[in-house]
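> here is the input, now give the coordinates:
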Amino acid sequence: MAKTRAQRKAERRAREEKELKRAGEERGAQSRAQHDTQVPVSGEVAEVEAVEAGMAVGAPEAALETPDAPKTSSRSERRAEAKALKESEKRQRAEQKRRESEQLAKKQKQASAQRQRGGVIGFLVSCWAELKKVQWPDRDTLVQATAVTIIFVAVAATYLGALDALFSFLVKRIL
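From the prediction side, this is the model:
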């Protein structure tokens with residue numbers, strides 16, 4: 001049986017009301033969840049309350065301190081710590097500077113030793129130093145590279161020889 005326009009309109013309104021009600025419930029659930037996750041007190045206050053609760057149970061105060069809790073030390077102790085920290089940094093910088101100056105002196109000594117030698121001897125010494133830096137290939141790599149080179153040269157020679165024979169034949173035919 002076919003529905004009348006009024007029936008369809010009533011069903012549509014009922015569906016829309018259901019959807020609005022469901023959306024309202026979801027929105028309410030989201031706001032309740034958000035409200036439940038909000039923290040009513042700051043982290044510092046919560047930390048103090050937790051420490052006090054732990055002390056009430058009977059735990060020692062030293063065991064209840066967090067690693068990032070501020071140290072309760074006197075001003076003179078903080079100054080002494082800061083001074084010791086500055087001194088250690090100063091010593092580290094001085095040690096780094098000393099190492100750098102030693103390396104610089106060593107390089108300058110090597111350079112002056114090479115400059116004092118004669119032209120030919122200095123050249124040979126520098127060549128020998130460069131040859132020490134070379135990464136020489138092992139036997140397998142050397143054999144493989146040599147074989148590739150010989151094969152490439154043979155292919156190139158065959159190709160150029162064939163072109164030469166072809167062009168010489170064509171020139172003889174033309175002339």
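> and the longest helix seen in the chain, what other elements does it pack with?
When the chain is parsed with DSSP state H, its longest helix is helix 75-116. In this structure, helix 75-116 packs against helix 119-133, with contacts taken as 3 or more C-beta pairs under 8 Å, 6 or more residues apart in numbering; DSSP states H and E. The way it works is simple: take the backbone N, C-alpha and C, and place the C-beta from them, glycine included.
> now do the buried residues in the next helix or strand after the helix it packs on.
Under the assignment DSSP states H and E, the closest C-terminal helix or strand after helix 119-133 is helix 139-174. For helix 139-174, burial by neighbour count (16 or more other C-beta atoms under 10 Å) applies to no residue.
> what's the average pLDDT for helix 139-174?
Mean pLDDT, helix 139-174: 96.
> and it, how far out from the chain middle?
50 Å (C-alpha atoms, centre = their mean, to the nearest Å).
> burial count for residue 125?
When neighbours are defined as other C-beta atoms under 10 Å, residue 125 has 14 of them.
> oh, I was asking about residue 48
13.
> ditto for residue 97
10.
> pLDDT on the longest helix of the chain, on average?
On average, helix 75-116 scores 86.
> what angle separates that helix from helix 119-133?
Counting by axes from the mean of the first three to the mean of the last three C-alpha atoms, to 10 degrees, helix 75-116 lies at 130 degrees to helix 119-133.
> centre of the chain to stretch 119-133, how far?
That offset, for stretch 119-133, works out to 40 Å (C-alpha atoms, centre = their mean).
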